[in-house]
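Asks: Quick one: sequence plus predicted model below, questions after.
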Amino acid sequence: MGAVTRPAKQDRSRATRQRLLEAAVSCLAEYGWAGSTVSVVAERAGVSRGAAQHHFPTREDLFTAAVEYVAEERSRSLRGLVAQDREAVVEALVDLYTGPLFRAALHLWVAAGDEEQLRTRVTELEARVGRETHHIAVTLLAADESRPGVRETVQGLLDMARGLGLANLLTDDGPRRAKVVAQWSSILDQALGRPRGADRQEG
């Protein structure tokens, strides 16, 4: 009986932890750091404050874990992208930077400016996600980084996508964003050369 009960308790504990992390992310995206208290997160997750503190004794513990959760979810979204034409890849990368995960991450960046315990963790995880994002972008764009300027061009794309994500915090700028995506796709074709296999696809 005990052997059966223990996994069930572990499953419930994992489910509660997952709800708290998801609630922390959504609260950050909606209320920012100042409005995302443990009580607010616990209420959104549908658990008591005591239950929240059982999993995360302090606010910093909760949001440090939320940083890790956001980083992993962003990485998972990136790994889910598939090779397509370059404009579709650019659009997919821009979408990642204009979605709720990036919005939550941005609030964490702002909070980390004042919270020493968050700053180190945010810096480490953003560096990791940044490296992974760059690697995946290079693969999806079929970019040859041995060519001069190609690495900088890919990084410029990611910086541009991040900038569009920042602009999207204030207003939905979809029509202008679509034009920027189209233009960047054209720039990439000129800077990176034709994707491998393009001639076979057209034939």
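Replies: Arrived safely, thanks for sending.
Asks: if I pick the closest residue to Gln53 other than its chain neighbours, what's in contact with it?
Replies: Using CB to CB, 6 or more residues apart in numbering and skipping the chain neighbours, the partner closest in space to Gln53 is Val38 (6.8 Å). C-beta here means a position set from N, CA and C on the backbone, and glycine is covered the same way. For Val38, the contact set (CB atoms under 8 Å, 6 or more residues apart in numbering) comprises 49, 52-53, 56, 59, 62.
Asks: Not counting residues beside it along the chain, what's closest to the residue nearest to the spatial centre of the chain?
Replies: Nearest to the mean C-alpha position of the chain, by CA atoms, centre = their mean, lies Arg74 at 3.3 Å. Leaving aside its sequence neighbours, Arg74 sits nearest to Leu101 (CB to CB, 6+ apart; 5.2 Å).
Asks: For the one helix or strand the one you found maps to, list the C-alpha coordinates in PDB.
Replies: In the assignment (DSSP states H and E), Leu101 maps to helix 100-112. These are the backbone C-alpha positions of helix 100-112, laid out as PDB (Å, rounded to 0.1, in the frame of the first residue of the first chain):
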ATOM      1  CA  PRO A 100       4.100  35.200 -23.400                       C
ATOM      2  CA  LEU A 101       7.300  33.300 -22.500                       C
ATOM      3  CA  PHE A 102       9.400  36.200 -23.700                       C
ATOM      4  CA  ARG A 103       7.200  38.700 -21.900                       C
ATOM      5  CA  ALA A 104       7.600  36.800 -18.700                       C
ATOM      6  CA  ALA A 105      11.400  36.500 -19.300                       C
ATOM      7  CA  LEU A 106      11.600  40.300 -19.800                       C
ATOM      8  CA  HIS A 107       9.900  40.900 -16.500                       C
ATOM      9  CA  LEU A 108      12.400  38.600 -14.900                       C
ATOM     10  CA  TRP A 109      15.300  40.600 -16.500                       C
ATOM     11  CA  VAL A 110      13.900  43.800 -15.100                       C
ATOM     12  CA  ALA A 111      13.500  42.300 -11.600                       C
ATOM     13  CA  ALA A 112      17.000  40.800 -11.800                       C
END
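Asks: Can you tell me which helices and strands it packs against?
Replies: Using 3 or more CB pairs under 8 Å, 6 or more residues apart in numbering; DSSP states H and E as the contact test, the elements touching helix 100-112 are helix 2-35, helix 59-79, helix 116-140, helix 150-168.
Asks: go with 7 Å
Replies: helix 2-35, helix 59-79, helix 116-140 (3 or more CB pairs under 7 Å, 6 or more residues apart in numbering; DSSP states H and E).
Asks: Now render the ones you listed as JSON lines, adding mean pLDDT.
Replies: Formatted as JSON lines, those follow (pLDDT from 0 to 100):
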{"stretch": "helix 2-35", "mean pLDDT": "80"}
{"stretch": "helix 59-79", "mean pLDDT": "80"}
{"stretch": "helix 116-140", "mean pLDDT": "83"}
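Asks: any idea which of those helices is most buried?
Replies: Here the criterion is mean neighbour count by mean count of other CB atoms under 10 Å, and of the helices and strands packed on helix 100-112 the winner is helix 59-79, at a mean of 19.
Asks: separation between the residue nearest to Gln53 and Leu101?
Replies: Distance of Val38 to Leu101, computed by CB to CB, to the nearest Å: 21 Å.
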